[in-house]
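Asks: Return a 3D structure for these sequence lines:
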Amino acid sequence: MVSANGNRDVEKENFWRARLERQKASGLSQSAFCRNEGLRENRFCYWKHVIEKRQRKAASTKNKTTQNSAQQKSAKTGFIPLVVANDLPPVLENNDKHQIKLLIAQIQVGADARPETVRAIVESFKI
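Replies: Numbering: from 1, shown residues only. Predicted structure coming up:
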């Protein structure tokens, strides 16, 4: 929510973020949680909507920034940088393989392959 002076009320937003997390962790329905916490359900729903919208916007902005950066690097070097997602499983079995499919080739590397090695392999294909 934006205050009268045009700034977000960070304290209020943090309050509702904490309540949303607690509701999610509680396993209770929104209605039951709000009753137990003495919260107005319509305010809970409003803040859930506002915070989810802000999170989507932030994620979209981050993706656009990453894409723009990748496009700029690609234009300079002729290569598209390989970005490794942070949400990969923390432990991979040694026999797991990762695949990168390009229109011109398929590359298969072991789970223990170092990012520099994968990058070198991908960069060796001039597209």
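Asks: C-alpha from now on. contacts and neighbour counts both.
Replies: Will do.
Asks: OK, contacts around residue 34?
Replies: If a contact means CA atoms under 8 Å, 6 or more residues apart in numbering, then residue 34 has 40-41, 44 as its contacts.
Asks: secondary structure class for residue 28?
Replies: Following DSSP: H, G, I helix; E, B strand; the rest coil, residue 28 is assigned to coil.
Asks: what does residue 108 give?
Replies: Following three-state DSSP, the label given to residue 108 is strand.
Asks: For it, report the pLDDT, please.
Replies: Each residue has a pLDDT score; the one for residue 108 is 72.
Asks: Buried among the contacts of residue 34? Make that a PyMOL selection.
Replies: Here is the PyMOL selection string for the buried members of these, based on 16 or more other CA atoms under 10 Å:
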select buried, resi 44
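Asks: give me the number of residues near residue 111?
Replies: Residues contacting residue 111 under the criterion other CA atoms under 10 Å number 15.
Asks: Show only the entries of the contacts of residue 34 found in strands.
Replies: When the contacts of residue 34 are checked against strands using DSSP state E, none is located there.
Asks: Where does pLDDT dip in the chain?
Replies: Along the chain, segments meeting pLDDT under 70 span 1-6, 62-107, 125-127.
Asks: what ranges do the strands span in it?
Replies: 97-101, 106-110.
Asks: export the contacts of residue 34 to CSV and tack on distance to residue 124?
Replies: What follows is these, written out as CSV (distance: CA to CA, whole Å):
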residue, distance to residue 124
40, 59
41, 57
44, 53
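Asks: Thanks again, I'm all set now.
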